[in-house]
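Take this sequence and fold it.
(one chain, ligands or ions: 1)
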Amino acid sequence: MNRAYDVIVVGAGILGASTAYHLKCNGVRRVALFERRRPAAGGTGKSAAIVRQHYSTALLARLTKESIGMFTTMPDQIGADSGYVGSGWVFLVPDIIIEAARTNVTDLQSCGVETRFLDDDEIAVRLPWLNPQDVAGVVYEPHGGYADPVRTTEAYVKGFCDLGGELRINTPVRALLRKGDAVIGILTDDGPIEAGNVVNAAGPWSKFLTEDAGIEMDLRSIREQDTVWEARGDRPIPEISISNGVDAIYLRPLGQRRFVVGRGYPKDYFDVDPYNYKETADEAFVSDVQARLEHRFPPFAGARRIDSYAALYDVTPDWYPYIGPRKGLQGYYDACGGSGHGFKIGPAIGRHLALWISENVVDEDFARLSYDRVVTGKMFVGAYGGNRA
Ligand SMILES: Cc1cc2nc3c(=O)[nH]c(=O)nc-3n(C[C@H](O)[C@H](O)[C@H](O)COP(=O)(O)OP(=O)(O)OC[C@H]3O[C@@H](n4cnc5c(N)ncnc54)[C@H](O)[C@@H]3O)c2cc1C
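Have a look, this model is predicted:
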């Protein structure tokens, strides 16, 4: 068996596509991207794709900031658009976490993130569509917004192919080939293919590849439902992305008075089999979201439901992704575990991971994302209670 590729990337979601593209940018000669369906066929394609730097560690805030720069320069870099709209982002803060949010905003400002609390006059002027009852504060991030997750992923795939990368769609990877302490390639329906390095960017399906190869993977597959609504009439409606921590919903504009609306934390998380789960939304979920939406944003009273669906994301124990090599295992890199917020950090993660693979260059903070943290117990800890990012 000849070594066919320097690097094989498995999965063309945002993490795999960005990593593959950046490997080619770094001059890696033979790179192949294997995708069992088509680019963005997984959770990426259904992502609400809300972009905000409001995180409780400098690492994730920095990765989002870097990704925003990448979204906006994509047309010049790749010749394709990410659909990024820097509409701004607001976070409606409930009383129970207001002090933590204040500390977080101050910390983020000291990291160079433009973010602040709006005062009451600004709230009245900027958010005329808001019912302010029980809202303890409003955090505003002018550079947040949203992107088009399919266009972003397709742009990276296009850039990858333009640079000579080999895209294999409709080609599931059936197994990782392992020899002792090294992953040496993949198995497809056409047989084994050897590679110097394999990147596992198969999202919720990553764990099947690792488990079969005897590689540990603590990863959940969660079913996430979203709805799409169209506001009737001509009352002012939001033009920005919103994380509504008071009613635990999020909103992202789609244009033409339409919005993606989903449930945010706290809520129940349901583990499912990624090969067999219900892809339509539950009616009880849709009604619940509608009630929360109409209560907080009165112009949505009587809004028309346009769509509703369920998709998947993969969740790690600390809600931080698994990125990078593992101690004691050669030729293998994780690029999974986006944990419900992996789209916005995906572009920058792909860039840093590609540098790690091709040049063995990585900064200490980014290296903490390796799966090794599970083994050593050095998990990330969030600022809002629990261990969410
Ligand atoms: C409904 C929803 C809303 C979300 N909202 C947001 C948000 O507002 N902001 C945000 O930042 N994040 C959000 N997320 C999370 C974010 O979208 C995901 O974390 C991110 O897109 C995951 O990307 P990925 O590349 O790791 O995985 P995926 O997109 O799942 O990609 C994995 C790919 O691997 C392929 N694959 C699987 N197995 C194989 C195999 N054996 N061989 C070959 N290919 C394989 C799949 O077909 C798929 O294309 C949301 C997710 C969902 C589902």
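
How about the residues of the stretch 1-150 of the chain by the ligand?
10-16, 34-37, 41-44, 46-50 (C-beta under 6 Å from any ligand atom). Every residue, glycine included, has its C-beta placed from N, CA and C.

of these, buried ones?
10-16, 34-36, 41-44, 46-50 (16 or more other C-beta atoms under 10 Å).

give me every residue that touches the residue lying closest to D282 once chain neighbours are set aside.
Once flanking residues are discounted, D282 sits nearest to Q225: 6.8 Å by C-beta to C-beta, 6 or more residues apart in numbering. The contact partners of Q225, by C-beta atoms under 8 Å, 6 or more residues apart in numbering, come to 262-263, 281-282, 285, 308-310.

Out of those residues, who's the most crowded?
G262 (22 neighbours; other C-beta atoms under 10 Å).

Can you name the residues that contact that residue?
G262 neighbours (C-beta under 8 Å, 6+ apart): 48, 224-227, 249-250, 289.

doesn't it fall inside a strand?
Yes. G262 forms part of a strand when assessed by DSSP: H, G, I helix; E, B strand; the rest coil.

Which residue is the nearest non-sequential neighbour of it?
Nearest one to G262, counting by C-beta to C-beta, 6+ apart, is D226 at 4.3 Å.

All the strands of the stretch 151-300 of the chain, residue numbers only.
166-168, 175-179, 182-188, 191-200, 220-230, 241-244, 249-255, 258-263, 270-271 (DSSP state E, counting those that start in this stretch).

May I see those organised as JSON lines, with distance to the ligand added?
Output for those, formatted as JSON lines (distance: least, C-beta to the nearest ligand atom, whole Å):
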{"stretch": "strand 166-168", "distance to the ligand": "9"}
{"stretch": "strand 175-179", "distance to the ligand": "9"}
{"stretch": "strand 182-188", "distance to the ligand": "8"}
{"stretch": "strand 191-200", "distance to the ligand": "9"}
{"stretch": "strand 220-230", "distance to the ligand": "4"}
{"stretch": "strand 241-244", "distance to the ligand": "8"}
{"stretch": "strand 249-255", "distance to the ligand": "6"}
{"stretch": "strand 258-263", "distance to the ligand": "6"}
{"stretch": "strand 270-271", "distance to the ligand": "12"}
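
where does the stretch 101-250 of the chain dip in pLDDT?
Scanning the stretch 101-250 of the chain for pLDDT under 70 picks out nothing.

Pick out the residue of it closest to the ligand.
The nearest approach of the stretch 101-250 of the chain to the ligand comes at G203, 2.4 Å away (C-beta to the nearest ligand atom).

And the contacts of stretch 159-166?
5, 17, 20-21, 23-25, 30-33, 77-80, 167.

rerun that using 10 Å as the cut-off
4-5, 7-9, 12, 16-34, 39, 74, 77-80, 156-157, 167 (C-beta atoms under 10 Å, 6 or more residues apart in numbering).

Buried residues, it. List them.
For stretch 159-166, by 16+ other C-beta under 10 Å, it's 159-160, 163, 165.

For it, what is the distance to the chain centroid?
23 Å (C-alpha atoms, centre = their mean, to the nearest Å).

Now T171: closest residue in space that isn't a chain neighbour?
Here the residue nearest T171, using C-beta to C-beta, 6+ apart, is F34, at 5.2 Å.

Check the contact between the one you found and A202; I expect there is one.
Yes. With contact defined as C-beta atoms under 10 Å, F34 and A202 form a contacting pair (9.2 Å).

Overlap in contacts, the two.
Residues touching both F34 and A202 by C-beta under 10 Å, 6+ apart: 9-12, 16, 172-173.

wait, which of those is closest to the ligand?
When the shared contacts of F34 and A202 are compared for distance to the ligand (C-beta to the nearest ligand atom), G11 wins out at 2.7 Å.

Would you mind measuring from that closest one to E154?
Distance of G11 to E154, computed by C-beta to C-beta, to the nearest Å: 15 Å.

ok, now A4?
25 Å.

Tell me which of the two has more neighbours.
E154 (21 against 16).

Excluding sequence neighbours, find me the nearest residue to that one.
P39 is the one closest to E154 (C-beta to C-beta, 6+ apart), at 5.6 Å.

again with F117
Per C-beta to C-beta, 6+ apart, closest to F117 is G137, 5.3 Å.

And for E279?
Closest to E279 by C-beta to C-beta, 6+ apart is A310, at 5.5 Å.
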